[in-house]
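Student: Structure here, sequence nowhere to be found:
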């Protein structure tokens, strides 16, 4: 958007009433634009329900029918004239091969719970506490050298001759009395985790699928041949959807039903490990990784914590391997005239769609399952031709969280509306090419309201897609750079879905940003350390949000004085540093926030409990804090020099929750936390505009939180959406004066101006 | 108490009703014991109010009349036949000498707020932000070498030639751009802090009193001569009360009324520093202390954080000096036939009544101002002949917290009853010899209820004292060792009063313990590291309570594997480790609590956010959690191996709040926090008894939280007190069967059995 002068707010030029709620008859919301009722929709077909499949394909305007993991399409469907997606999880479904080649099973490092030596020899069962159907110790001659026994009390690795392994047990003959010991070991993975999950959750009773590891040449050779055969025998398939490549996100199960999930992280690389990978790594990098590089004292390496240099090396190493063999498989598929899409979930580890190796795959498209707006942006930004969203809820009896969906007590329409409400606002900002569903189609038969709602969603999606096709939406002249350790390698997501990462402030910030009309980029600390000026060129606001020590706040990287100085300089010269929670926090510096001089606020972690606190009065900025906004407080906060302006404070503790602090020509803004909501999203936008000096009066903004809009200047079309479950009236700052719009709950409206 | 077999609860042997509420006619609560209506009471006399003074001395049964800081007794009072206390704060009130010897003023290190270099030279005003009436930079030739300029962004001390000082300003000609700098400097202290406080709070308008430093030989000589003259000219004084010795607790004031208290800590030694002390220290210890040893990156060294080795050296060095010259002054007073008492507040720094130098002073008594039970125990345990409590409220218009007392809106009787309620229960456990008041006596004239209440308190105190005089109270066969970095050097207190330290769990624990019939000792980590077996001999329960990194939890000391192993061994062999908050917490060990194997519970600080959590059901232990008990939750808690028993959980988060975990023959008990209350105090006692295997049924316990009792076996007297503001009926497990007692609000009753 070239023009920044706001339109006058006085005098409503024209009032619009109407626009469809999501559950009103379809099409009404398209009154101002040409309707496109077909296309861009992928329907999960189901054998045995051919009539239903073809009927719903019409109802929803599908152009593609897909199978699902664990289902197979029947000839009636395959030959009905639709494009056909086939899902392939390449590393599973080869149990016969796996039994012949047990050395080709996938592996991981595991570590026992610490056990205290209380007298005499200590005998440890490596598998104690682990799910025996998922793991079996790899005690092969080549694996045992990787096993480690640690004295965790002393933090000392035992020499190899201080313990021995026999009969499935590790014995430490002479432990230090009352020290705690652990065994780190390589384990075979016996059951592919998504198959395992579906068995347990959806009651599957089929044979347990064994994951095989393409690191092994025998496995590579087998898989390549298998895929070639598959391509030959599936002439009707237009698109092969890989689910995904080779390695699942980490999901370690426990023996007890009281503690079934021992660890799960969407972004960790533990499940890629093998003796072969370790040997190849050592050969390439000149140093060897050990069990402890993965086990990390039992913490493992979660995406939410800053990675070590060795971990980064191993990730890059794995990415190159996955892209290398992945490229061969993609080329094979394409050589049969089919397209290759990748599913950006499940066995996606090593794929890293924003990483340097991704273009090498040559994927024709990417599919992301989404609950939230940030996931839509995550998908939309991947360098691929086709971007497709797999909407929730899946057509399964229960959802990912375990609550019923297509089962008694469930309300799939409510769920779908909620998720679509989050996704839709992101779709206004960046183009998505396709949407679709997954699961068992027959489950929808008892839910006619769901069938109708999906038809409405499909049409609304096509309407939004058409807006993008006519030219990109305008953005405010404001660029936000989100700063964390992963930077542009891992934009938008923190690791998995919103409900898995809700405890982190940043996912709430990202979700808010995903639908705001601002430019967003993701930068890493390494970017700033390498080229701060270049990285920050054109950036108006840097956001750093998270708990101290986390990957999102940054942790020890903040000890680097050059990093702090560069950011302080940038703010002094006009930038805005917006910190949330414990931004720039690193112990050992006296204060806690290394950017405290910019923020004007810091947090006491105990050492300053006897320091006084500046008294303050709350001075809101008119227009910046909309009704209903507010964030949770954080204890220990104190103003550094008393000059920060406190915009809001916690009612219970009296401590600041929102502050702003001039620093040279720039400004530090602080939020004690951030929770995604309509009002807080608007608060964030207003803070960005106010703190950066752009001013609150900007074109194409509504005056009502929860009502958002996007302006497509090339086609001169405006879409207005109601994110809320209540009717909303809003004025939109448009050319020539405000437009008044009334929208039903969750409604939307396209206006040609 | 030799016998542990409980009395049968069935069948109430005898029912008692009555006992005085604190505000019923005095004496009624003494019905079963001989009354002693005079003695053990120190009354603050006031010149100009002679009639009132003498009348209240009778009403309250005073045997001593004292003056107060800032008041002087008139001859009518001094010669009325009472013993006379005179208060002397030896280091102030010598302004004429101070003006002649400006080198004898007391000093401290101060440090400026970090200032960011934004271009060109950086000019720093050392005094920016500090209260100019309290401090003036010491820029003498001998002081300037101690000044330091730090690049706080890089954590680098600037060489002396990288900055210069002139005209009251420090200039850094070529700072690193956008690094933050501080100046650490020695400052003269111009206004003795208690005088300063009273001026501001109580509207004093007298000359500002200057603190002089007896480190300087000239000051020593002067003070000794002055005191000798004073003794000669005050023949009527029986007791000199020193307030206290030489150095006030640290109290740094700011320039802005919005941030008046920059730092205050009852236990810090900063106000003892001087160029002379630093030189003497270097000569004695062979290494020199620097400004940074005190400034500590701006944090200073608060009592709540673990001390450094250099800090401990300096404390010991100062204690020796204070005791050395203090001994001379005490001997001087005693040589004039007077006794010497010390006030255990204000300028008490270096006195350390539990330290190795204290006996050297030769004090005849110690006086402690008290709000709480733990302060009474703190006083009672000091090795001195006479232990006296200065009760609150003081006879001042406003209290320490700034709320009105003897002023409109105040209710001194309510305040006194509340404080006495806390103090009284501790007096049952250990003997205190005297009580008294301080302040302006005339203020009570408008408060006849207060006058009567104090008369009741004085009588009740004498009753309790008489119980001790007839033989020590029985204790349960249970010894608790509170473990923190200060150990026996600083028992009971955390640093200052309860309302100054309420945010620390341990002060709540100590307050609860102060009135419980158990043996309590305080041990340090050093004790355990030196001789764990000896330290823990006879101990049933070790309590470690506090925030991670604090002096109370312990911080980095927990990295010592020998410490952890010794404690684990002790628990395994039958001990109980009771952790509160973040016990034994130290980062870098995988888990957070180093005693997690014993506790069966740990806390995630972020690295384990993707680890699963054991599900559990709450299983209370019958009788252990009385009605109304409950503690605040803490986030991130998780069961380590699922075997801990969860006795209580947080209603909001579902996380455990009280757990117990078998470990060998012993047990780990965990509380997510602890707040002092009647019910929680009883919960703590019950947990101690249950976890240590002593059993809940014990003699001389009431069955009602808030009703406590003490049994004096030698005289066969039982006192029962009601700590609550409601009438309470309780059964006491006594010999031969339970006694039923009904007590009015705050009432007490002595029974001869």
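Tutor: Alright, I've got the coordinates. Nothing here was measured: the structure is a model prediction, and the numbers come from that model.
Student: So what does the closest residue to chain B within the stretch 301-450 of chain A have for phi and psi?
Tutor: At 4.5 Å from chain B, residue A:302 is the closest residue in the stretch 301-450 of chain A, using C-beta to the nearest C-beta. C-beta here means a position set from N, CA and C on the backbone, and glycine is covered the same way. Main-chain torsions, residue A:302, degrees, to the nearest 10: phi -80, psi 150.
Student: Name the nearest residue to it, ignoring sequence neighbours.
Tutor: Nearest residue to residue A:302, sequence neighbours excluded (C-beta to C-beta, 6 or more residues apart in numbering or on different chains): residue B:610, at 4.5 Å.
Student: ok, the one you found - contacts?
Tutor: A:263, A:264, A:265, A:268, A:300, A:302, A:303, A:304, A:495 (C-beta atoms under 8 Å, 6 or more residues apart in numbering or on different chains).
Student: Also residue A:458?
Tutor: A:40, A:41, A:60, A:61, A:435.
Student: just checking, which of the residues you listed belong to strands?
Tutor: A:41, A:435 (DSSP state E).
Student: So which of the contacts of residue A:458 is surrounded by the most neighbours?
Tutor: The most crowded member of the contacts of residue A:458, judged by other C-beta atoms under 10 Å in any protein chain shown, is residue A:435 (27 neighbours).
Student: can I assume that one is in contact with residue A:391?
Tutor: Yes: using C-beta atoms under 8 Å, residue A:435 is in contact with residue A:391, at 5.7 Å.
Student: any idea of the mean pLDDT in stretch A:272-290?
Tutor: In this model, stretch A:272-290 has an average pLDDT of 98.
Student: right, is that stretch up against chain B?
Tutor: No: for stretch A:272-290 and chain B, the contact criterion (C-beta under 8 Å from any C-beta of the partner chain) is not met; the two come no nearer than 15.5 Å.
Student: Report the buried residues of that stretch.
Tutor: By neighbour count on 16 or more other C-beta atoms under 10 Å in any protein chain shown, the buried set for stretch A:272-290 is A:272, A:273, A:274, A:275, A:276, A:277, A:278, A:281, A:289, A:290.
Student: what about the residue nearest to the first one when sequence neighbours are not counted, how many residues close to it?
Tutor: Taking C-beta to C-beta, 6+ apart, and ignoring the residues beside it in sequence, residue A:272 has residue A:247 as its nearest neighbour in space, at 4.4 Å. By the criterion of other C-beta under 10 Å, residue A:247 has 28 neighbours.
Student: same question, the one 5 residues further on
Tutor: Counted by other C-beta under 10 Å, the residues lying close to residue A:252 total 25.
Student: what about it, distance to residue A:268?
Tutor: Going from residue A:252 to residue A:268 by C-beta to C-beta, to the nearest Å gives 10 Å.
Student: Once you drop chain neighbours, what's closest to residue A:488?
Tutor: Using C-beta to C-beta, 6+ apart, the closest residue to residue A:488 is residue A:522 (5.0 Å).
Student: Contact partners for the one you found?
Tutor: Going by C-beta under 8 Å, 6+ apart, the list of residues near residue A:522 reads A:481, A:482, A:484, A:486, A:487, A:488, A:490, A:491, A:492.
Student: before we move on, what about residue A:694?
Tutor: Neighbouring residues of residue A:694 by C-beta under 8 Å, 6+ apart: A:4, A:476, A:477, A:478, A:540, A:688.
Student: pLDDT score assigned to the residue lying closest to residue A:348 once chain neighbours are set aside?
Tutor: Excluding the flanking residues, the one nearest residue A:348 by C-beta to C-beta, 6+ apart is residue A:244, at 4.0 Å. On pLDDT, residue A:244 comes in at 92.
Student: same deal with residue A:99?
Tutor: Taking residue A:99 on its own, its pLDDT is 96.
Student: Just say helix, strand or coil for the closest residue to it other than its chain neighbours.
Tutor: Spatial nearest neighbour of residue A:99, chain neighbours left out: residue A:210 (7.9 Å); criterion: C-beta to C-beta, 6+ apart. What DSSP: H, G, I helix; E, B strand; the rest coil gives for residue A:210 is coil.
Student: measure residue A:210 to chain B for me?
Tutor: From residue A:210 across to chain B, the span is 24 Å (C-beta to the nearest C-beta, to the nearest Å).
Student: mind checking pLDDT for that residue?
Tutor: Looking at residue A:210, the pLDDT reads 97.
Student: for residue A:78, same thing?
Tutor: 89.
Student: do the one 3 residues further on as well
Tutor: Residue A:81 carries a pLDDT score of 91 in this model.
Student: helix, strand or coil for it?
Tutor: coil.
Student: And for residue A:276?
Tutor: Under the three-state scheme (three-state DSSP), residue A:276 adopts helix.
Student: quick one, what contacts the closest residue to it other than its chain neighbours?
Tutor: Of all residues not flanking residue A:276 in the chain, residue A:215 sits nearest, at 4.7 Å (C-beta to C-beta, 6+ apart). By C-beta under 8 Å, 6+ apart, the residues touching residue A:215 are A:274, A:276, A:277, A:280, A:321.
Student: what pLDDT does residue A:215 get?
Tutor: For residue A:215, the model assigns a pLDDT of 97.
Student: What's the local residue count around residue A:469?
Tutor: If we define neighbours as other C-beta under 10 Å, then residue A:469 has 12 of them.
Student: re the thing from before, can you flag the buried ones in the contacts of residue B:610?
Tutor: A:263, A:264, A:265, A:268, A:300, A:302, A:303, A:304, A:495.
Student: ok, back up a step: same list (the contacts of residue A:694) but as CSV, adding distance to chain B, pLDDT and secondary structure.
Tutor: As requested, the contacts of residue A:694 are exported to CSV (distance: C-beta to the nearest C-beta, whole Å; pLDDT from 0 to 100; DSSP: H, G, I helix; E, B strand; the rest coil):
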residue, distance to chain B, pLDDT, secondary structure
A:4, 29, 31, coil
A:476, 29, 97, coil
A:477, 26, 96, coil
A:478, 24, 98, coil
A:540, 19, 98, coil
A:688, 23, 98, helix
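Student: With neighbour count as extra columns, can I get the residues you listed in TSV?
Tutor: Formatted as TSV, the contacts of residue A:694 follow (neighbours: other C-beta atoms under 10 Å in any protein chain shown):
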residue	neighbour count
A:4	13
A:476	21
A:477	16
A:478	21
A:540	23
A:688	24
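Student: before we move on, back to that, mind checking how far the residue of the stretch 301-450 of chain A closest to chain B is from residue A:551?
Tutor: 8 Å.
Student: Is the longest strand along chain A in proximity to chain B?
Tutor: Criterion DSSP E: the longest strand present in chain A is strand A:180-189. Yes: Strand A:180-189 reaches chain B (C-beta under 8 Å from any C-beta) through residue A:180.
Student: so what strands line up beside that strand?
Tutor: Neighbouring strands of strand A:180-189 in its sheet, by DSSP bridges, are strand A:107-111 (antiparallel), strand A:115-116 (antiparallel), strand A:135-137 (antiparallel), strand A:148-151 (antiparallel).
Student: Let's have these in TSV, adding mean pLDDT.
Tutor: What follows is the strands paired with strand A:180-189, written out as TSV (pLDDT from 0 to 100):
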stretch	mean pLDDT
strand A:107-111	98
strand A:115-116	97
strand A:135-137	98
strand A:148-151	98
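Student: Now render those as a markdown table, adding distance to residue B:561 and mean neighbour count.
Tutor: Below are these laid out as a markdown table (distance: least, C-beta to C-beta, whole Å; neighbours: other C-beta atoms under 10 Å in any protein chain shown):
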| stretch | distance to residue B:561 | mean neighbour count |
| --- | --- | --- |
| strand A:107-111 | 19 | 26 |
| strand A:115-116 | 12 | 22 |
| strand A:135-137 | 28 | 21 |
| strand A:148-151 | 8 | 23 |
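Student: Out of the ones you listed, which gets nearest to residue B:746?
Tutor: strand A:115-116 (48.4 Å; C-beta to C-beta).
Student: By residue count, what's the longest helix in chain A?
Tutor: Taking DSSP state H as the assignment, the helix of chain A that covers the most residues is helix A:309-335.
Student: Check which residues of that one are buried.
Tutor: By neighbour count on 16+ other C-beta under 10 Å, the buried set for helix A:309-335 is A:310-311, A:313-319, A:321-323, A:325-327, A:329-330, A:332-334.
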